[in-house]
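In: The following comprises the amino acid sequence and a computationally predicted model.
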Amino acid sequence: MIKSITNNADETLQLGKSLGSKLIAGDLVLLFGDLGAGKTCLTQGICLGAGLDKSTYIRSPTFTLINEYQGVVPIFHIDLYRLETEEEIMNLGLEEIIYSKAITIIEWPEKLISNKKPNEFMFGIEERIEIHISSKGENGREFTFSPVLLSSRKHPIFPLH
Ligand code: ADP
Ligand code: MG
């Protein structure tokens with residue numbers, strides 16, 4: 001487990017950039033944290049690090065649910081916050097995205113855990129990078145990174161620098 005602390009949004013953007021520059025096609029990033037934790041801010045950095053043009057405006061997918069960008073590889077930014085039922089999630093076409101040759105970043109991945117099987121994610125998700133964000137005061141944010149089942153990777157993601 002790797003931890004990083006940031007003290008403002010710009011530092012979070014930089015942290016995301018370092019991570020994004022190490023991601024490869026097929027990677028899945030799950031972002032856990034409350035509203036305002038910095039999930040979208042970190043994603044903006046990840047997208048820049050993964051080769052997205054600086055002028056591309058990365059909006060929160062709160063209402064669009066899925067935003068797609070073209071970096072070095074395609075990047076899908078997904079926000080499950082507004083989805084309530086398992087059926088809604090099943091109908092989103094997520095499985096195809098997650099197992100595509102894209103980088104997939106998901107906010108509110110808790111929604112991928114069904115009541116029936118509380119110990120696993122839907123769609124058989126196993127390989128992933130989990131990032132848990134917690135607030136420390138108004139502007140402090142602690143990021144805990146846990147790469148899960150990424151041992152087959154040629155180049156390790158961590159440490160980030
Ligand atoms: P989320 O997607 O988790 O709901 P956002 O990234 O949209 O959160 O928003 C994070 C908010 O917190 C922004 O308004 C940002 O300016 C503020 N903020 C304050 N400190 C930090 C920090 N260290 N990292 C990221 N955002 C921060
Ligand atoms: Mg968000």
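Out: Nice, I can see it. Predicted model only: the values in this text are computed from it and were never measured. Ligands and ions are numbered 1, 2, ... in the order given.

In: got the phi/psi numbers for residue 133?
Out: Dihedral angles of residue 133 (phi, psi; degrees, to the nearest 10) stand at phi -110, psi 130.

In: Ignore what I typed, I meant residue 112.
Out: Dihedral pair for residue 112: phi -90, psi 10, per degrees, to the nearest 10.

In: What number of residues are in the vicinity of it?
Out: Neighbour count of residue 112, defined by other Cβ atoms under 10 Å: 19. Heads up, the C-betas are built off the backbone N, CA and C, glycines and all.

In: okay, now the residue of the chain found nearest ligand 2: neighbour count?
Out: Nearest residue of the chain to ligand 2 (Cβ to the ion) works out as residue 40 at 3.4 Å. Using other Cβ under 10 Å, residue 40 has 20 other residues around it.

In: can you list the residues of the protein near ligand 1?
Out: Within the chain, the positions lying close to ligand 1 (Cβ under 6 Å from any ligand atom) are 6-9, 11-12, 33, 35-41, 60, 107, 139, 141.

In: These, buried ones only, as a ChimeraX selection?
Out: Remark: buried members of those, expressed as a ChimeraX selection using 16 or more other Cβ atoms under 10 Å:
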select :6,11,12,33,37,38,39,40,41,60,107,141
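
In: Show me where the chain has its strands.
Out: Counting by DSSP state E, the chain has strands at residues 2-6, 28-32, 66-70, 74-79, 103-107, 128-136, 140-148.

In: so how far is the second one from its chain's centroid?
Out: Here the centre of strand 28-32 is set off from its chain's centre by 3 Å, with Cα atoms, centre = their mean, to the nearest Å.

In: what's the angle from it to strand 128-136?
Out: 20 degrees (axes from the mean of the first three to the mean of the last three Cα atoms, to 10 degrees).

In: Sheet-wise, list the partners of strand 28-32 with their directions.
Out: Next to strand 28-32 in the sheet, as set by DSSP bridges, lie strand 103-107 (parallel), strand 128-136 (parallel).

In: Tell me where this structure has helices.
Out: Counting by DSSP state H, the chain has helices at residues 9-20, 39-49, 86-90, 94-98.
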